[in-house]
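Peer 1: Give me the fold of what follows.
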Amino acid sequence: MDRSSIRDDARRRRCKAVGNGASRRIDWARSMIHDTLPGTLAAFARETSADSALALAVRFGGSRLYVPKLASALTPDHPLVAAIGIDAALRLVVLKGGERIDVPTARPYFRRREAARLHAQGMRPAQIASRLGICRRAAARLVAEMAGVRPQWP
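Peer 2: Numbering: from 1, shown residues only. Sure, this is the predicted structure:
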């Protein structure tokens, strides 16, 4: 059994455990991830995985990163390997080896993800806004985007 089928099987078990609504939310999040990540991270997520792209953003976001030209430079203690794992680091060397890349922070993605988590817990847009430090309308817009509808302003 390969890695992707193991991950999918584990995801299906988690979704069964928490109900069908969670399955739809997970599928929605997976479908939106490439649309919500900034360019460099979205391209990297398509080539490797969303988790690797997010780990790259968390560790190196807002900085310029040199990607080694040769795979032999990727030792187990290399910062890139430590951040995203050897498989994703090797894929990045194939794609961008010898280049310096500007790694975006992905703050809007993390904000959407946190808003989705809070909304799933039953929080209203005003409560989400307070927790995230954004205005109520921005929180309402995030919630409406999750539902796939246009926000209605009072």
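Peer 1: Tell me which residue is most central in the chain.
Peer 2: Leu54 (4.7 Å; C-alpha atoms, centre = their mean).
Peer 1: May I have the predicted confidence score for it?
Peer 2: Here, the pLDDT recorded for Leu54 equals 83.
Peer 1: domain ranges for the protein?
Peer 2: 38-103, 107-147 (automatic domain parsing).
Peer 1: what about Arg107, neighbour count?
Peer 2: Neighbour count of Arg107, defined by other C-beta atoms under 10 Å: 12. (Each C-beta comes from the backbone N, C-alpha and C, glycine too.)
Peer 1: swap that for Ala116, sorry
Peer 2: Other residues near Ala116 come to 19 when the count uses other C-beta under 10 Å.
Peer 1: Figure out the helix or strand that it lives in.
Peer 2: helix 107-120 (DSSP states H and E).
Peer 1: Could you do Ile101 as well?
Peer 2: Going by DSSP H and E, Ile101 is part of strand 100-103.
Peer 1: part of a strand, is Arg64?
Peer 2: Yes: counting by DSSP: H, G, I helix; E, B strand; the rest coil, Arg64 is located in a strand.
Peer 1: That one touches Thr40, doesn't it?
Peer 2: No: taking contacts as C-beta atoms under 8 Å, Arg64 lies outside contact range of Thr40: 11.1 Å.
Peer 1: Can you work out which residues contact both of the two?
Peer 2: 101-103 (C-beta atoms under 8 Å, 6 or more residues apart in numbering).
Peer 1: Do you have the helices of the chain handy? List them.
Peer 2: Ranges of helices within the chain are 3-18, 20-36, 39-47, 50-60, 79-84, 86-96, 107-120, 125-132, 136-147, based on DSSP state H.
Peer 1: Which of those comes out lowest on mean pLDDT?
Peer 2: helix 3-18 (a mean of 46).
Peer 1: In stretch 78-93, which residues are buried?
Peer 2: 80-81, 83-85, 88-93 (16 or more other C-beta atoms under 10 Å).
Peer 1: Nearest to Arg46 among the residues you listed?
Peer 2: Closest approach between these and Arg46, by C-beta to C-beta: Arg91, at 10.8 Å.
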